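S.K.: For reference, the sequence and a predicted model appear below.
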Protein chains: 2
Amino acid sequence: MSNDVNSSQKAVWLFREGDKSLRDLLGGKGANLCEMTNIGLPVPPGFTITTATCIEYYNQGRKFPAGLMDEVKVALADVEKQIGKKFGDPKNPLLFSVRSGAKFSMPGMMDTVLNLGLNDETLHGLIEATGDARFAYDSYRRFLMMFSDITLKADYPGLSKEGFEHLLTEHKAKLGKEQDTDLTAEDWKALCETYKNFFREQTGGKEFPNDPMEQLRTAIEAVFRSWNNERAIVYRVKEKIDHNIGTAVNVQSMVFGNMGNDCGTGVAFTRNAANGDNHIYGEFLMNAQGEDVVAGVRTPMEIAELEKQNPAIYKEFVEIAHKLEDHYRDMQDIEFTIEKGKLFILQCRSGKRTGTAALKIAVDMVNENRISKDEAVLRVPPEGLEQALHPRLKGTAKAKRIAKGLNAGPGGAVGKAIFSSEKAAELGKGGKGEAVILVSQETTPDDIKGMLAAQGVLTSRGGRTSHAALVARQFGIPTVCGCSELKLDGHNASSFTAGGVTINEGDWITIDGTEGIVYQGALEVETAAMTSDFTTLMGWADSVRKLGVRANADTPEQAAEALALGATGIGLCRTEHMFLDEARLPIVRDMILAEDDEAARQKALDQLLPIQTEDFVGIFRAMKGNPVTIRLIDPPLHEFLPNQVELATEVAVLHAEGKNDQAKETLLRKVNDLHEQNPMLGLRGCRLSIVFPGIVEMQVGAIIGAAAQLIKEGVEVHPEIMIPLVGHINELTHVKEDLEKVAKSTQEKFGVQVPYSFGTMIEVPRAALTATEIAKEASFFSFGTNDLTQMTFGMSRDDAGSFLPVYIREEIYKEDPTVSIDQTGVGKLMQICVDDAKRARPDIKLGICGEHGGDPDSVKFCHKLGLNYVSCSPKRVPVARLAAAQAALDENASEAHK
Amino acid sequence: MSNDVNSSQKAVWLFREGDKSLRDLLGGKGANLCEMTNIGLPVPPGFTITTATCIEYYNQGRKFPAGLMDEVKVALADVEKQIGKKFGDPKNPLLFSVRSGAKFSMPGMMDTVLNLGLNDETLHGLIEATGDARFAYDSYRRFLMMFSDITLKADYPGLSKEGFEHLLTEHKAKLGKEQDTDLTAEDWKALCETYKNFFREQTGGKEFPNDPMEQLRTAIEAVFRSWNNERAIVYRVKEKIDHNIGTAVNVQSMVFGNMGNDCGTGVAFTRNAANGDNHIYGEFLMNAQGEDVVAGVRTPMEIAELEKQNPAIYKEFVEIAHKLEDHYRDMQDIEFTIEKGKLFILQCRSGKRTGTAALKIAVDMVNENRISKDEAVLRVPPEGLEQALHPRLKGTAKAKRIAKGLNAGPGGAVGKAIFSSEKAAELGKGGKGEAVILVSQETTPDDIKGMLAAQGVLTSRGGRTSHAALVARQFGIPTVCGCSELKLDGHNASSFTAGGVTINEGDWITIDGTEGIVYQGALEVETAAMTSDFTTLMGWADSVRKLGVRANADTPEQAAEALALGATGIGLCRTEHMFLDEARLPIVRDMILAEDDEAARQKALDQLLPIQTEDFVGIFRAMKGNPVTIRLIDPPLHEFLPNQVELATEVAVLHAEGKNDQAKETLLRKVNDLHEQNPMLGLRGCRLSIVFPGIVEMQVGAIIGAAAQLIKEGVEVHPEIMIPLVGHINELTHVKEDLEKVAKSTQEKFGVQVPYSFGTMIEVPRAALTATEIAKEASFFSFGTNDLTQMTFGMSRDDAGSFLPVYIREEIYKEDPTVSIDQTGVGKLMQICVDDAKRARPDIKLGICGEHGGDPDSVKFCHKLGLNYVSCSPKRVPVARLAAAQAALDENASEAHK
């Protein structure tokens, strides 16, 4: 172990001796206790044993450093003097809590002992001092259990919390009582005896340690040891906390909120953690301990009630709260206890808050001159912004939760469960206008109409980048995917079971696409609006970020939404969705079925040309001169045809019935012909354009034609034509050469010069590896990190549902690589590509258009890589803008540190 | 253009002035003509214009360097003097051939003009000198056409060979004659007039150039220009020949083999090019020109016949042949012409030969002390060795060729076309013993039995690494894959059409898996044997190679074959094939269908354990102490279940008929459940082992158990356990940790220590990218370049048939990356991996077990990468051994050059 803290420093710090700058040495909790003490807040006195001491403890082979307990005794004496009680005093005993406290918060990972200092003698002192025997015995039995469990279980496994709890259960059964609150002082007293006997049994006749100093020494060592318990190690691995920094130990005098009606305890935030309003916000309980609030045994009261019950205490608390917020320059989460009418502050820390609250608080604090605009930008978690923009569910706590899947498309949605796209389209938006949730095993492009008609989508298969999830985010449809708990029987299901509940077609369900949860019944949904705080903060973010933010948008409506949310271009316009429109699909199918009949194929393409041209006119117009990157057709052709199994089954049944449907037979033959083992790695992207150039020629004709029309009208247009799935420079050269001819002839036809460019998606690993060559032929690269991740991992987006949940649970993947860019592997490939591309073509424009473009960590990574822009679904544009700003500020800070 | 040849050197070299060391300057043909002249062979005199002159021609903007024609005239005069004829002499004219000749052979790519110097005057001289008017007019009309086509077509497109040929056809029609041989001297004379008129028409009234010097100048320039004709450029791109080295021009006096019965022409090899026998081998025709031999108008005679017809000439030729072979120290291919009883040598070069011949010639030449053993090793093309070991077809030239596909599994095979596996198994090997060829769209693991029963396999889909191809090479089954010319109707076809022929079930067909050709009917097949030459050459190869060579083998029989062919270990033993055995598949299906019934699953695994143990006992025993790398189960479980479409159809039809088959319903449910969109990127490899650890636990129990049994018997065993599809270090750690326990307990059970190790396949791009981490947990890496290539290219082995042929045809891929490692992309990834792995773990063992392990170029690349071994199918082991030796020798040579 090593640490830069000088271990020859003193080991024990009284709270008045430290301050908040000493987090490394005193841990987060210790440093805050010192700070609060020093600014004059009523903190129960105590002291902190340094993290350096813990390190030394381990370095010396789990032995206390020499003189440690002497220092502890000196500090203890000081505390006794401050309080006027003595540790171990049989009359009016001083009791301590002993808690861990590392530099970084590790909630619940390490050990805590309360009520330390109790024994048969001091117990009586406590009864005398408080006049409350029931409280005293209750405290004692808790201490007997907690101390045994934490300090001795390693040597005597029987001394576990469970062992003691079991005795309590037996005890209550014997007494015929159900609730802890039913037990009297005598009952608790008897239990204490039972506990002590149990201790003797389990330890082979030893007595529970009565000496308070021995108790203290043992508890301190137990906290040191808990630094390396299994769950703490696992937590540090996960949170990437250094294993060598050790924990401090906080020894603080106990105060009690449960010693009568002039006592109480509570937790409060200096501002509203839900909406950010600048009002004290919290809960309290009179005559109670902290754990009673947490356990929900009694319902706590709103903090405002305290003003009525005890205006003086309330006033004092409010003053302290303001003082703390002023001092820390951030909204604080404060734990307090009232003991016999006296207020104590036990802990303070920056308060957790919702996205909406974070936004409001950050902007308010700038307006209050507490923090700078840059600080405000850094304070709002980007994920929170999205939450602030999506519809939210209310009343989830009491709702019947029946399953959990992947949070694929954020937002809450309520509707009747409907099991087929057709029916969803018939009943939902654009149909009868009912609220429906489309439920299916998975979705295909044929389901788009049903998905768009639904309030939300729920699938039993597929990951966060499955078709359903992609469409969901694209169109802002709340979606839960890969919900394997759903028992759904095949394609023709009309019900599912989950969480012991059967949901039939038409039953109401609610899904939370932000959290991935499915509820039975209809919950209430509240919609969010863009606030002026939002606009203000985004403005500050935009002024510092270097990374451009574009949107993935396929329709004029989405383009308009993207612009409204601050996108400065379209980074990915997918043209295949345009083919799935009800009116167009038959033409597309005609084209596919034309096979070698060149005239029939051309006829279909000629029909599509004006339609596609109109698509692009709409999008270009909506984008008002901002650049639009259009990806030429990408998916395999069979995605435009019916499902093979369903069609084969249908035809076979017709045969069995002696019927014959020539059109279906022909269709089936084509479906079989186009069937692929691994369509993701098959005939798609530029491969399709090389084998069947007609489709992309038509598309480029439409793009250039649309641009030319608008340019004639005086509208500025910047189309960037993106050729997908390139893995070899020759693919790009081949396709580009062909399409340049189309671009040229279309411009001649309109007599207009269009400022277009050609580029490619980097989604095949080989493209990234050979960027030096490919960059020479591409004006821009856009990382298609969905496919790039899938190919680099050898993992299909649609099939990962069978193992990805296990991988996440077993922590094989720390993070789902389809959610946040895998910086080690995929990121290395991207780095190679960026370096080579810039060397080969310094002016190349680099972007990303995979779903990762809206993930804050990925956006920050893209900033580091030196990309020009990220592109994400319109709803995530603000998230990306904020993350980009934070990345720029982080970079400035780390450069300032150099 | 640039070149290191000094262009201030003289431009024109008489044949007596140069030698074979001047290939750069004089081109291959020119240098050889000089060499032959200088060793005293009867070469028709002439001169060579240097490649430097060609370069200068281009550098000066397509202008002749100053003084070139003066130099030409000097050389010409010399040649006239040597021969005693004059260029343009109306009495006894000297005629020339003008031919290109670059440093590297580019057969047919550039232009040649024969009979140059003819005009209306010299024509009469030729008639006088030869006394053969028909010959003279025929030569003249050929010259008129050839000269026009080659030198003037660029300016006058009408002057094409086709235009002239059309006139000849009309002429013959008018005369009522069919064959060229039917035309008399008068007929040819008339045609010459027609040609000259045609020339006038096409050029707007110009006369055909009559001046011989103008003809020569024009022809020289035409050859220079032909260096940059389209087909020459394409050829150089393909063969990676520098575009800047230019061509030489060879101007050689014409000799005629068609001037009477004391004239003739022929081509001969100094040894038998088919089997390597040390005898002159070739053909000749008396009173004929070279092109008559080529055109097959008359059937040439064996060279031995020449001895009878003209023993003096034959003796002279044999002496020359021996002299040339001695001189060049290699088997020579010699073109000769006899003019009026005098022998002329027109060209010599190293002769092309079959694999068998290459082997014999190389070994013989070492025995004859002509070349060293290292030279012998370098002289045999590794591909040829395989040819020497596979059965070969005879009489292919006359057979009816009906389709061409991919040469997926080498060797020839003859059998009745059978369209289902079941029927093939019933009729073929192990069944009724008939010879069958299994014909299908594609194959799945369910087809293995049918494939093994067949002589050969023919599929209409799938590439060289499709399932069919992999199994084919693995089991040495001649196979043609991806034969898209086959019109085969769905899964239930009972006939196919190809090349205008319909083949019904039971019709005989022949396939050539070495060339990828399908023939109608039954051809003869000859089997090859390992000769002592083979063994000798392999011994020399083994003594120089550094790379180890292992085999991919799944059965004791294959292991034995691999050892016999020189493998020193198994680099890939695939365990899943073992599950497909008829007796085992039901148990495997029970295991899969067990789902959550842990007891049922364990029962099936318990049944499999002793069977798998026996598998490994057999393989370990066969390998006699050599290391055996065993890959744990890799494919997705649905590969062990029936085809989804077929089963769904069957069940639907049963339903339609009001029937019900519970077992089939259950099976279908499971098939649907396990169905994957992209199985290659789904639940397979280590993912399967993480989700369902039981299977690999059983396998490791079997491996260690088998090893333990044999060790007890005193047999040496070195199992290397390979965990497939690892992409993240945690996958490897997780699986290894579990399996180490099994290994430990199995060793304890047997009371034996087994020297096993764990390693992983590098087949997922991410594994290669994160080798630094993964190497720490792996004793060995084996590049699974099949999958690595597919994932790096984003290209599925089973689906590439729809675009790969187009890619190869359009030269988008210069080479099929599934055949030879793509060194630019996949190779870069491998290089990153090797560098990082060796840095992280210097003693790591590195190999390759993809099909590329048997491809010579890939083997050489693996040598350069610094791998420890390659592993390939047993039949390709000799190929790999030889390629590895050549790589080592090449490296020595290039180091010696430094």
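M.R.: Now that the structure is in, tell me what you want to look at. What you are looking at is a predicted structure, and each value in this text was computed from that prediction instead of being measured. Residues are numbered from 1 along each chain as shown, chains lettered A, B, ... in the order given.
S.K.: so who does the residue in the stretch 501-650 of chain A that chain B sits nearest to touch?
M.R.: Ranking the residues of the stretch 501-650 of chain A by distance to chain B (Cβ to the nearest Cβ) places residue A:649 first, at 4.1 Å. Bear in mind the C-beta positions are built from the backbone N, C-alpha and C, glycine included. Applying Cβ atoms under 8 Å, 6 or more residues apart in numbering or on different chains to residue A:649 gives the contacts B:648-649, B:652.
S.K.: relative orientation of the helix or strand where it lies and helix B:644-656 in degrees?
M.R.: Remark: residue A:649 resides in helix A:644-656, with elements defined by DSSP states H and E. Computed by axes from the mean of the first three to the mean of the last three Cα atoms, to 10 degrees, the angle separating helix A:644-656 from helix B:644-656 equals 40 degrees.
S.K.: Going along the chain from helix A:644-656, find the next helix or strand for me.
M.R.: Following helix A:644-656 in sequence, per DSSP H and E, is helix A:662-674.
S.K.: Go ahead and confirm residue A:248 touches residue A:102.
M.R.: Yes: counting by Cβ atoms under 8 Å, residue A:248 does reach residue A:102; the two are 7.0 Å apart.
S.K.: Need the residues touching each of those two.
M.R.: Going by Cβ under 8 Å, 6+ apart, residues that sit against residue A:248 and also against residue A:102 are A:27, A:51.
S.K.: Compare neighbour counts for these two and give me the winner.
M.R.: Between residue A:248 and residue A:102, residue A:248 has the larger neighbour count (other Cβ atoms under 10 Å in any protein chain shown), namely 30 against 24.
S.K.: do you know how far that one is from residue A:100?
M.R.: In this view, residue A:248 and residue A:100 are 7 Å apart by Cβ to Cβ, to the nearest Å.
S.K.: if I look at these two, which residues touch both of them?
M.R.: With Cβ under 8 Å, 6+ apart, residue A:248 and residue A:100 have common neighbours residue A:27.
S.K.: so what's the residue of the stretch 501-650 of chain A closest to chain B closest to, chain neighbours aside?
M.R.: residue B:652 (4.1 Å; Cβ to Cβ, 6 or more residues apart in numbering or on different chains).
S.K.: give me the number of residues near the one you found?
M.R.: Counted with other Cβ under 10 Å, residues neighbouring residue B:652 total 20.
S.K.: Residue A:643 now?
M.R.: 14.
S.K.: How about the one 5 residues further on?
M.R.: Burial measure for residue A:648: 23 neighbouring residues, criterion other Cβ under 10 Å.
S.K.: ok, now which ones touch it?
M.R.: By Cβ under 8 Å, 6+ apart, the neighbours of residue A:648 are A:668, A:671-672, B:645, B:648-649.
S.K.: ditto for residue A:711
M.R.: A:717, A:752-754.
S.K.: what about it, distance to chain B?
M.R.: Residue A:711 is 34 Å from chain B, where distance means Cβ to the nearest Cβ, to the nearest Å.
S.K.: just the residues of the stretch 701-850 of chain A that are near chain B, which are they?
M.R.: A:725, A:727-728, A:730-731, A:734, A:763-766, A:769-770, A:773, A:787, A:790-796, A:798-800, A:802-803, A:806-807, A:810-813, A:822, A:824-826, A:828-829 (Cβ under 8 Å from any Cβ of the partner chain).
S.K.: Mind checking which of those are buried?
M.R.: A:725, A:727-728, A:730-731, A:734, A:763-766, A:769-770, A:773, A:787, A:790-796, A:798-800, A:802-803, A:807, A:812-813, A:822, A:824-826, A:828-829 (16 or more other Cβ atoms under 10 Å in any protein chain shown).
S.K.: the longest helix in chain A is where?
M.R.: If you go by DSSP state H, chain A has its longest helix at helix A:598-623.
S.K.: from the middle of its chain, how far away would that one be?
M.R.: How far helix A:598-623 lies from its chain's middle: 40 Å, per Cα atoms, centre = their mean, to the nearest Å.
S.K.: thinking again about what came up before, so the residue nearest to residue A:649 sits right up against residue A:653, yeah?
M.R.: Yes: between residue B:652 and residue A:653 there is a contact under Cβ under 8 Å: 5.2 Å.
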